[in-house]
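Student: The following block contains a protein sequence and its predicted model.
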Amino acid sequence: MRRQPEALLLLVAAADLSGRLFPMLVFALLGFAGLGLLGILLICAGLSDALDANSNFNQQIIVEGYARRSEQAIHASNLHSAIRSATAMRIAGVALIVASLCGLLYSGL
């Protein structure tokens with residue numbers, strides 16, 4: 001059994017980490033404004049998730065037409081679950097924006 005050099009894996013991992021580390025450093029350098037930006041991104045992701053869930057539900061209704069009650073219940077349950085998680089994301093985004101504004105006002109801008 002032959003061992004592969006770990007240096008090659010380290011090189012690949014370093015390239016991957018440096019690509020993912022840059023956005024986090026930008027948020028850290030922006031401070032409270034970065035926190036607000038992260039909140040805006042969370043709100044956008046929540047809205048996108050809710051719209052995708054509604055789109056998938058409507059597509060299932062249009063494509064499948066009349067379905068059995070059990071299938072309708074499954075699709076409705078999936079829609080409600082996706083909307084609940086999207087609502088939680090939007091609430092977290094608003095909380096981050098409020099925290100960012102409080103931080104900016106408290107620090108004296």
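Tutor: Looks like it came in fine. Numbers count the residues shown, from 1 in each chain.
Student: so how far is the lowest-mean-pLDDT helix or strand in the chain off the chain centroid?
Tutor: Lowest mean confidence among the helices and strands of the chain (mean pLDDT, DSSP states H and E): helix 6-30, at a mean of 74. Centroid displacement of helix 6-30 relative to its chain, using CA atoms, centre = their mean, to the nearest Å, is 20 Å.
Student: now do stretch 94-102
Tutor: 17 Å.
Student: just stretch 94-107 next, same as before
Tutor: Computed by CA atoms, centre = their mean, the chain-centroid distance of stretch 94-107 equals 20 Å.
Student: Repeat that for stretch 65-75.
Tutor: 29 Å.
Student: which other helices and strands contact the helix ranked longest in the chain?
Tutor: Counting residues, the longest helix found in the chain (DSSP state H) is helix 69-107. If you count contacts as 3 or more CB pairs under 8 Å, 6 or more residues apart in numbering; DSSP states H and E, helix 69-107 packs onto helix 32-64. C-beta here means a position set from N, CA and C on the backbone, and glycine is covered the same way.
Student: which parts of the helix it packs on are buried?
Tutor: The neighbour-count check on helix 32-64 (16 or more other CB atoms under 10 Å) flags 32, 34-39, 42-43, 46, 49-50, 53, 57, 60 as buried.
Student: ok, now which ones touch the closest residue to residue 45 other than its chain neighbours?
Tutor: Among residues not flanking residue 45 along the chain, residue 89 sits closest, at 5.8 Å (CB to CB, 6 or more residues apart in numbering). Residue 89 makes contacts with 42-43, 45-46, 49, as judged by CB atoms under 8 Å, 6 or more residues apart in numbering.
Student: do you know how far residue 89 is from residue 32?
Tutor: To residue 32, residue 89 is 20 Å away according to CB to CB, to the nearest Å.
Student: ditto for residue 49
Tutor: Distance of residue 49 to residue 32, computed by CB to CB: 26 Å.
Student: Give me the neighbour count for residue 28.
Tutor: Neighbours of residue 28 under the rule other CB atoms under 10 Å: 9.
Student: That one touches residue 37, doesn't it?
Tutor: No - under the criterion of CB atoms under 8 Å, residue 28 is not in contact with residue 37, lying 11.8 Å apart.
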